[in-house]
Structures are given as C-alpha cells and as structure tokens.
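Novice: quick one: sequence plus predicted model below, questions after.
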Amino acid sequence: MKKFRKVLDGLTTSSPVNAGGSPACGSAAGTPTAAPTPRELDIQETLMSEHFQICKTVRHGFPYQPTALTFDPVQKILAIGSRSGGVRILGRPGVDCFCQHESGAAVLQLQFLINEGALVTACADDTLHLWNLRQRRPAILHSLKFNRERITFCHLPFQSKWLYVGTERGNTHIVNVESFILSGYVIMWNKAIELSTKTHPGPIVHLSDSPKDEGKLLIGFESGTIVMWDLRSKRADFRIYYDEAIHSVSWHHEGRQFMCSHSDGSLSMWNLRNTAKPFQVTFPHGKSQRDGRKESCKPILKVEYKTCRNSESFVIFSGGLSYDKAGRRPTLTIMHGKAITVLEMDHPIVEFLVLCETPYLNEVQEPYAAVVLLEKDLIVVDLTQSSFPIFENPYPMDIHESPVTCTAYFADCPPDIIPVLYSIGAKHKKTGYSHKEWPVSGGTWTVGSQSYPEIIITGHADGSIKFWDATAITLQMLYKLKTSKVFEKPKGSETARGAELVEEDPYAVQMVSWCPQSRIFCVVGISAHIILYCFSRHDSNTAITSLEVRLQCEVEDVISPSDTENAVCLMDAGGHSPQPPSPRGNTPDGARDGARDSIPCLKVKDRVIRMPPGYQAELVVQLLWVDGEPPQQITIFPVMLALGNCNGLVVVDYLQKTIILCMTTLELYGSADPFQRLTRSPRKNRQSTSEFCMRGLSNFYSDSKKRIRTSYQSLTELSDNQVSLDQERSKSPTSDHVNGHCTSPTSQACPPGRPRVPGGPEGPRLARRGPGRPPFRKAQSAACMEVSLPVSFLTEESRENSFSRSRSSSVSSIDRDTKEAVTTLHFAESYGRRSDVLPAPCLWVGTSLGLVLIVPMSIPTDEQERMEEPVTIAPTSTVLMLKGSVLRFSFLDCTGGLIHSPHEAWRDTHAPDDPERPRRRRLVNFSPCFSQEAGGDGHLAVVCSERQAKVFFMPSQACLYVHNITESSFVLRADVVAISNISNSVCLACFCANGHIMILSVKM
C-alpha cells in the first residue's frame, strides 16, 4: 500500500559542501549546516504539510475482467461487477462511482433495489452484501455469509422485500432485505422435485416470480428440471422434466407461457396449461440435415423474451451458433418476428440485459435497447430501429482498445487547445451510431471547482495515439493519431524481416513529448524511430523528411578515479567518428541478406502524401542497424530534438532537418572524463544479439505485475548502510521498466582488484525481456516539453560475474552491464561554463552513472539566419556528479520561482498567406531570468537522481544543498512542481520503488 510522506525540508538541512561542490564523505542528510553560497539568497518557504493530501478521485477505463451486470429501469443507472470484487456504477456522462469489496472475491451477480438507492451483490465467497447508494460514498450496510452452501443465483422482484437465493445443492433460501437475515423459509430440493425422482436435479440456475401471481416462484435446475412452487401452500404446482440442460428462462408478460434456452442451442416454449411437453422447440441457427435432424449447436447461454404493443415480440439471445465453423466471433442474435439479425462482437459476451419502458413484469415490455457487457467493452444496441445501430458510448471504455504502452499527463493547458483538438477529431469520428440519447441517463453531477484544462495522452501498441480531455470526471477522447501511416507497409520478405525485429508491434509507442503552447508533438517508437509532428488546421500534400543515424559504440576499458591502481572495470561505451546518415535505398542486398548494417527497422514513405488537418508528420529520425545489431532504445526532448540511448547522444535541428551532433557518451566528456577509459582493440567473433535485443511489447503485459512485485519485495530488505560517493560514482545503473517505471536500482560498486565484466550467466535471458515502457509523465505547463526515459541495457556477451553481493534477485544479472546510457535530457537557457556572464541555450545531459554534462549551443536569433546558418554545439568540460541514475532537471530563478521552458508561439505553416499577418517566429519566455537585465544574477539548477537531489548555483556550479532521498530503495519518478493556488511555491515530488510518495521542499 502506498504511503504519503509529508513535506520534508530535505534540501534545506543538508550535508556540508566543500569548495568543489561535492559533499563531504560520510555526511548524512538531515544535519543543518552553514553551506557557503555565492550570494545570500533570501527565499521564503510558503508550503506546509497541510497543503498536501492524497486521495482517489476517479477511475478511468473499462472494468478489468467484468463478471456481472444489472440495471435500474427507474433511476436509469448501470452497475458492473468484476472478478476482483469491484463494482462500477455508471449513469449519465460524469456519473461514475467505484466500490470495492474488502474480501476481493469475484462478484457473481448484482441486483438493484429498483428506485430505492440500494444494491445487492453476491460474491464468490458465498456472501451477500447490501450497499447503500444514497450517500456520497456508497458503503455496505449489511452482509450475510452462507457457510454450508454455494450461491449460484439470486432474484429480487420489483417492490418486494424478499430476496430469493438459489444454491449449488438445489435449495432456495429467502432473505429479508430490510433486516438482511434469513427468513427461515427454505425450499429444499427434495421437496421441490417428486419423491420418486432418484437423481439430484443439480444447482439452481434460474429463479423468477410469475408475472400473473407474485406468490408463485419458478425454479430452474441445471439438469432440465423446472418447478413452479406455490409460496403460500408450500407445494409444487407443476414439474417439468426436460432432456436438455437449462441455462436461462424468460417469461411472457401475461404469465401464461415462458421460454427456456438449452445447452443444445435450442429454445423451448412452454404453456402453463399443458406442461407435459413444450408446444414449440426451435434451433435458431441449426440447419436441417439429410436425415431430418438438426445439426448440433453451441449452448444458448441466455434468452430474453420481450413483448411490444405495435409490433412482433423480441427474442434476444447469446450463443447458439452451429459448430460447423471454427473461430467464429461471439454473437448476439435478435429475432423480431420472422427477421433474424446476428450481431458479431469483438470480444466474448459476459452478460446482456434488455432495457424496457416499464419495470413491471405484467405489462407490455416495449424494449428499446440491449446492453451487452463484453470482456473488454460495453455496447448498447438500439432496438427501436430496424438496422439495430449501436449508441456512441460516452464513457472512456476504449482506452485499452489497443494495449496502452505510454501515458503522459498535462495540466493547465492553453484554454483553446481542447476545442481545437475536439473540432479536428470530430471530423474523423466513426459514423452509423444511433441518433438517440444515451439510455443510461441516471444520476446527477456538478462541475467541481477545478477550472484549469487537463489533457492525458495515451500511446498504444498498434502505433495509435489518443488525446483525452481529463478536465471533467469522465475522459472524453479529443483526437486520434496513427503513427503507422508514416511508414510503408511491409511486403513479402520485408514482413518476415520486420517480424525478426519486433514480433507483433513494430509501431508501438514508447514515449511521447508534447508542447501545448507551440503544439509540437514528438513520438518515440519501439523500432528506434522518432516522429516529429506539427499541428495545422488545413490539409497538406507534403513529403516526410527522413534522417537515418548510425550510432555505434565499441567496448572500452574503464578505470574508476578511486581505483586507478587496483581495479580495472570493463565498460561498453566506446568512441566513434560521427558519420553522415546513409540514404535509404542504397543498402546493398548482401547487407540485408547477411549481417544487417546501416538499415532502419521500418521504411518511411518516400513520396508526397496527403495529410488531413491535425497533427502532420514533418520529420522522422531512425537509428540504424550496426554490424548486425539492432538500434537501442531512445530518450528524447523536442525543442531542437535530442535523443540518447546506451550508445550515445544525437542532436537534430528539426527546422533545417539536419544532424548537428552525433557522439558517444565518452566523447562528450573529452578531457573531463571522471573515469579513465582505455580503448581496447575490437573483439573478435563478435556475436550478434539481434535475437534478443528487440522484441514486441506483447510479452511485456503478462509478466509486468510479477516483476514489479519481486523488485518491491526485495528492495524492502536492503540495508541502510551509507555508500560513499566515490563508490557510488563507479556504479552502473540499469533500468528494467515495468508499468512505465524503472524498477532496477544502480548496481553495486566494483570491488577493488576485481574487473567489472558486462553480461553474465543470466544476461541474455534478462535481455530478452525487451525494451520497457516509458514512464507516466505528470507535467504542468512548466515541464510540458520534457520527457526522459531511463534506458534498459542489453548485454552483448555472457561472461562470468564476480560481484561480491547483489542488490536484488530481480535485477542482479542486468546490474552486471556497465554501459553508460543517456537517461534524461533537458534544453534550457543556462550557463555552460563558469566564466559565462549571460545565459545561453544549453543541453543538460544526465547519464546512468549519475553524471551531468552541460552542452552549450549557439543558435542564430534572426529568422532568416536561423533557417540558413548552422547551429553549433560543442561539449564543455562541465561535469556534475550525483548518486544513482539521473532522472530529472529543473531550474529556479533567484527568487525561488520555477523557470518555465521557453517555447515558440504556434503558427499554422499550411494556412493561406495573409499579407497583413506577420510570419515571424516568436519566442515566448516565462521568467525574467532569461532577460538580459537579469541574466547576470544566475539561477538555481535542481538535479534529482535515483538516490539523491542536489541544488547547484549557476554559473559558478557550486553545490548549495544536497539531500540523500533514500538508501533502502530508489526513486522511480521525480518532478519539480509549482503549486498553482499558492504563490511562488515549488516542491520536488518523488515516487519511490517501495511505494512511498515523498514531497521535498526546495526553498531555502
């Protein structure tokens, strides 16, 4: 269970710092010290513990593993039960409530007390619960446990105080709903059937009262026995013994006849005047064979028999198809008079209900809709039209239409962005829906006090991206984008080759980055590609520019600064000379047939294509195969466009569509490398790792829960021993992404005298887990343009491991890989050197070894020069150090206010030319720290890693404060957040692997 820790002044009571900015060894966080600062900073803390609380507000999406369904025809609300014991209550859009049984037992059946604001649930642990729905938070009023019998069916008549409960033994119990205790009236199975019957009739599968006489109870047994029981005289009026097993029973409203569905796919009609045999037996989907017999059909699991005043009756059932064709979809059949309509469903049918105009069983029913609960969807069919169209579902039930592989959250978006996305998305919505209003229209809701717009973006395994309006309680889909349209469809041998790269999901979205202000959108795919989109209200005919990057990394030796004489560690991080992108189509066939080299995983369309209004692709950057090895995963940040992985860093100018930097992480350090890395000769007999370097995300979904649980369990057992900074610098963090979070901490320090060797006996096995999912990025507009993805590493060779101890059983083998990866990137106006007087564009690079590099850039300011003059970028010797893999950068001005990233004002590049409208690119700044007047004052840089948070003063690079966040666990996600309703209030929020949420003050 997650715990919420109160505000900690962790960054204000910190370790002492030395002149170089590094904390003194052996210091502990939490000890007040007088740290030297370049200038006195007087910043008042305005946040308190009372400003923070955690609570569940709403649950989006379709109920997981649904099991039961019920409807209140008066209040017009719907309830869905699930296998995990959850109950979802739905009304009109915005009315959405979730209840959970503490036992977690599956919900077998639901029964509304119609128009009374109460609900009865029957669970798999043989317990009945009565829920009160009249209060703000529904709660259980009474519970009744059956100890000796298993509950199989429940029936609660309209306006009755008696609940009939059938059991597996064939007995029927009667419960008083008001007191919720057993009445003592029990209909024993041996009294219900004739005494001469020697066999047990089986469990009860149906209970219902007669529409003509509520004192008569119809009992259906699984074996085919039907009994009409007189509750007053306590005897059976009649008994029916049928050869076929019964699944359900439905009454005619006059109470003179009823219909049964059977296991052989037949429907039988019975008249109360003659119960010796059915007066009609039909096989709706059974064809007559040559011998006159009907072919065998699947069971009809449920049937509903509803009458109409002005037309023929409706007979609606699920199942009953013949066995002649394998692989048929689940169906719902609607028989209206002589017309038979078969509706095919995408998922198995769990339950269905027919909604009628009246709740009284003895009146003409007049059905108007059928609610069909599927395993992964909820469908409502309009029965008033002959074509039986479905209603457009207002609930966000299709979030997992394709498995979600990436999510991002954006708050306080520009007020015009939601209407714009909705208007564009409405043009591409499906048609053919019913024009009537959604029939589940009960309940009331009021708009809360929240006024700022919220948007959630989901990326999916099929390459689609959905924008959701999350401002209200109910999610509303605004716009859908398909990234697969950028690429050519594989043909023939290309299909087989693509299947080797990623098994099922070559277009799966790994990460997204979005700037709501400039409306620039970037997508990272699982096939090592990045797509940059620009928004336009007009359609266009354009060709997509494609850049191909060869990012290679050779093996080198690494010597830690602290162990230069004793320890030698091997690191897979080598240098290479940046190479120009190889043009598509020039790859020789031999390279394709043999060892793959300089080829992308997917082929971008190389022709002019028409793009509809909305987000239009302008640039695709793809990493290439190198010497038979596939490209590694990517971390990106789109302002220029920077991407990094465990091989190195690439910076792309997306305006000029050119590559301006392509370096390994080792080359970025230059002479300032804190490690001594000695180049080795290339390895001979280099074994390809393509068979386990990349794979689809499909295998991720099944075992993710098990892996995260293992990591959490083992991490809670770690010792709290302080690890020195020198040891921590030689650690190799790895990332094993589960459910969008990094679940692997940094590896242990290499013991003196022992070489650190990548790989191990378990290396290839763990590497086959494939690339992970990107983290859930919660960003306000201040951080809306930054997305960083810690990279999981893949071993190249399997060698023996010589670590003295392992952190966790779930991460021990992947900790052995020591390749340094780029884990986070951030563009900002900052100081690249200590001697800088004014801020300039810089790229902050964080690595998996806890190192921070600042790379200054020179960007022309004039619009004409910007499109013609090249952007220059040159790494400096600036290197900052932290414990653990770097996760997050953020910047504060000298007053403690959050510095928002600059952005361009959006303009429609495909709009018709307007001579009166300026076409200049306009840069928007958020903070006075970016102005020339205030530039000399400097700013604060907050850097957070898996273990530690530090505040640096720029440009002096002095470490003002340091706080060790955790020693027994590690941070999965961190973000610096500005509290909107409290002026000038900034805090650091951390989510740890042990389930703790920590809020740290960053004020002095």
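Specialist: Yep, it's here. Predicted model only: the values in this text are computed from it and were never measured. Numbering: from 1, shown residues only.

Novice: for Ile80, see how far away Pro359 is.
Specialist: Separation of Pro359 from Ile80 (Cβ to Cβ, to the nearest Å) stands at 20 Å. All C-beta atoms are positioned from the backbone trio N, CA, C, and that covers glycine.

Novice: these two: which has the busier surroundings?
Specialist: Counted by other Cβ atoms under 10 Å, Pro359 and Ile80 do not tie: Ile80 has more neighbours, with 24 against 16.

Novice: dig out what the more buried one forms beta bridges with.
Specialist: On the basis of DSSP bridges, Ile80 is bridged to Leu69, Arg88.

Novice: that one against Phe98, yeah?
Specialist: No. If you go by Cβ atoms under 8 Å, Ile80 and Phe98 don't touch, sitting 10.0 Å apart.

Novice: name the residues contacting each of these two.
Specialist: Counting by Cβ atoms under 8 Å, 6 or more residues apart in numbering, the shared contacts of Ile80 and Phe98 are Val87, Arg88.

Novice: low-confidence ranges in the stretch 851-1000 of the chain?
Specialist: Within the stretch 851-1000 of the chain, the stretches with pLDDT under 70 are 903, 913-936, 981, 983-984.

Novice: ranges for the helices of it?
Specialist: Using DSSP state H, counting those that start in this stretch, the helices found in the stretch 851-1000 of the chain span residues 863-868.

Novice: confirm that Val371 sits in a strand.
Specialist: Yes. With DSSP: H, G, I helix; E, B strand; the rest coil as the criterion, Val371 is assigned to a strand.

Novice: OK, contacts around it?
Specialist: Per Cβ under 8 Å, 6+ apart, neighbours of Val371: Leu69, Phe71, Leu78, Phe352, Leu353, Val354, Leu355, Leu378, Ile379, Val380, Val440.

Novice: what about the first one, how many residues nearby?
Specialist: Translated: Leu69. By other Cβ under 10 Å, 20 other residues sit near Leu69.

Novice: most remote residue from this protein's center?
Specialist: Centroid-distance maximum for the chain: Ser196 at 59.6 Å, with Cα atoms, centre = their mean.

Novice: distance check, that residue against Gln656.
Specialist: Going from Ser196 to Gln656 by Cβ to Cβ gives 94 Å.

Novice: could you find the closest non-adjacent residue to the residue nearest in space to the middle of the chain?
Specialist: Of all residues in the chain, the one closest to the mean position by Cα atoms, centre = their mean is Val404, 4.6 Å from it. Closest residue to Val404 apart from its sequence neighbours, by Cβ to Cβ, 6 or more residues apart in numbering: Thr458 at 5.2 Å.

Novice: sec struct for the one you found, please.
Specialist: strand.

Novice: let me know the closest of the contacts of Val371 to Val852.
Specialist: Leu378 (48.7 Å; Cβ to Cβ).

Novice: for the closest one, give the beta-bridge partners.
Specialist: Beta-bridge partners, per DSSP bridges, of Leu378: Leu373.

Novice: so it makes contact with Val372?
Specialist: Yes. Contact criterion Cβ under 8 Å: Leu378 and Val372 qualify, at 7.4 Å.

Novice: for the stretch 51-200 of the chain, which segments count as strands?
Specialist: 66-72, 77-82, 86-90, 96-100, 107-113, 118-123, 127-132, 139-145, 151-155, 162-167, 172-176, 181-187 (DSSP state E, counting those that start in this stretch).

Novice: among those strands, which is nearest Thr282?
Specialist: Judged by Cβ to Cβ, the one of these that comes nearest to Thr282 is strand 151-155, at 24.9 Å.

Novice: got the CA coordinates for that closest one in PDB?
Specialist: What follows is strand 151-155, C-alpha atoms only, in PDB (Å, rounded to 0.1, in the frame of the first residue of the first chain):
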ATOM      1  CA  ILE A 151     -24.600 -19.300  -4.000                       C
ATOM      2  CA  THR A 152     -25.500 -19.800  -7.700                       C
ATOM      3  CA  PHE A 153     -28.400 -17.500  -8.500                       C
ATOM      4  CA  CYS A 154     -30.300 -14.600  -6.900                       C
ATOM      5  CA  HIS A 155     -33.700 -13.000  -7.700                       C
END
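
Novice: now do His60 against Trp468, distance only.
Specialist: Taking Cβ to Cβ, one finds His60 at 8 Å from Trp468.

Novice: overlap in contacts, the two.
Specialist: With Cβ under 8 Å, 6+ apart, His60 and Trp468 have common neighbours Pro396, Ile399, Leu475.

Novice: got a list of what the closest residue to the last one other than its chain neighbours touches?
Specialist: In other words, Leu475. Distances taken as Cβ to Cβ, 6+ apart place Pro396 nearest to Leu475, at 3.7 Å, with adjacent residues excluded. Pro396 sits next to His60, Gly61, Trp468, Thr474, Leu475, Gln476, Met477 when contact means Cβ under 8 Å, 6+ apart.

Novice: now, of those residues, which are buried?
Specialist: His60, Trp468, Thr474, Leu475, Gln476, Met477 (16 or more other Cβ atoms under 10 Å).

Novice: any idea what His529 is bridged to?
Specialist: According to DSSP bridges, the residues that bridge with His529 are Gly525, Gln622.

Novice: show me the contacts for it.
Specialist: By Cβ under 8 Å, 6+ apart, His529 lies in contact with Pro600, Cys601, Leu602, Val620, Val621, Gln622, Leu623.

Novice: out of those residues, which is nearest to Trp162?
Specialist: The shortest approach to Trp162 among the contacts of His529 belongs to Leu602, at 64.2 Å (Cβ to Cβ).

Novice: gap between the residue nearest to that closest one when sequence neighbours are not counted and Gly463?
Specialist: The shortest distance from Leu602 to any non-neighbouring residue, by Cβ to Cβ, 6+ apart, is to Phe487 (4.6 Å). Distance of Phe487 to Gly463, computed by Cβ to Cβ: 9 Å.

Novice: which neighbours do those two share?
Specialist: Tyr507.

Novice: the residue farthest from the centre of the chain and Arg239: what is the separation?
Specialist: Ser196 is 11 Å from Arg239, by Cβ to Cβ.

Novice: show me what Asn541 is bridged to.
Specialist: Arg610.

Novice: didn't it look like it was pressed against Ile609?
Specialist: Yes. Counting by Cβ under 8 Å, Asn541 touches Ile609, with 7.2 Å between them.
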